[in-house]
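>>> sequence first, then the predicted structure:
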Amino acid sequence: MSPITHFLIGWTVANTALSLTKRERATITWASVVPDLDGLGIIAEKLTQNSARPLTWWSDYHHVLGHNLGFALLVTALAAIFAKHKATTTILVCVSFHLHLLGDLIGARGPDGDQWPIPYLLPFSNLPQLTWSGQWALNAWPNIVITATLIGTALLLAYRRGFSPLELFSAKADAIFVQALRSRFPARSLT
Ligand SMILES: [Zn+2]
């Protein structure tokens, strides 16, 4: 799935608990995006593709380095150390991370038909390489429907709870956005 879809899934997971701090919501949300850091090798790969010794970091490491149990444990442990609401944050970070893997498993087939098998048990074992035969393409309609539903959910949550995913970037932008949303749809019209 695309980084935006992963981000919105993480945000929705972060909002399943009411008591969390803004930083904990951010941690849970980013846990759903962070596996794709292993895709940053695309920069080195693109830059060196015409050189004498091209680097193949994207082809070699995307969906490998960050998409596994070892990295999940690392991210979850870091979240556990720094969170105030430890149990809730730790569980939701773990769920958020794994929903990324699930999302890739069911809907991330590349344009060339590549399934990007997920070596889930790394670094403990190179097997199994998880794939699902029903996997749909990255730009297929289910991903569009899922993303649209998540955007709707985020808007509804922002309206009801008074904060949106924008709080991860700017408290001011978030406040302006929520205020605009609430004044555009006064409470009366929703009941
Ligand atoms: Zn991914």
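Here it is on my side, so go on.
>>> surely Phe163 meets Asp174?
Yes. In this structure, Phe163 is within contact of Asp174 by Cβ atoms under 8 Å, at 5.8 Å. C-beta coordinates here come from the backbone N, C-alpha and C atoms, glycine included.
>>> count of residues packed around the residue nearest to Gly41 when sequence neighbours are not counted?
Excluding its sequence neighbours, the residue lying closest to Gly41 (Cβ to Cβ, 6 or more residues apart in numbering) is Trp57, at 2.8 Å. Neighbour count of Trp57, defined by other Cβ atoms under 10 Å: 18.
>>> could you do Phe71 as well?
Residues near Phe71, counting by other Cβ under 10 Å: 20.
>>> same check, this time on Glu45
Using other Cβ under 10 Å, the number of residues around Glu45 comes to 18.
>>> how near is it to Leu92?
33 Å (Cβ to Cβ, to the nearest Å).
>>> cool, Ile42 as well?
In terms of Cβ to Cβ, Ile42 sits 29 Å off from Leu92.
>>> if we can go back for a sec, how about the backbone phi and psi for the residue nearest to Gly41?
Backbone torsions of Trp57, given as degrees, to the nearest 10, read phi -60, psi -30.
>>> so who does it touch?
Contact analysis of Trp57 by Cβ atoms under 8 Å, 6 or more residues apart in numbering lists Gly41, Ile42, Ala44, Glu45.
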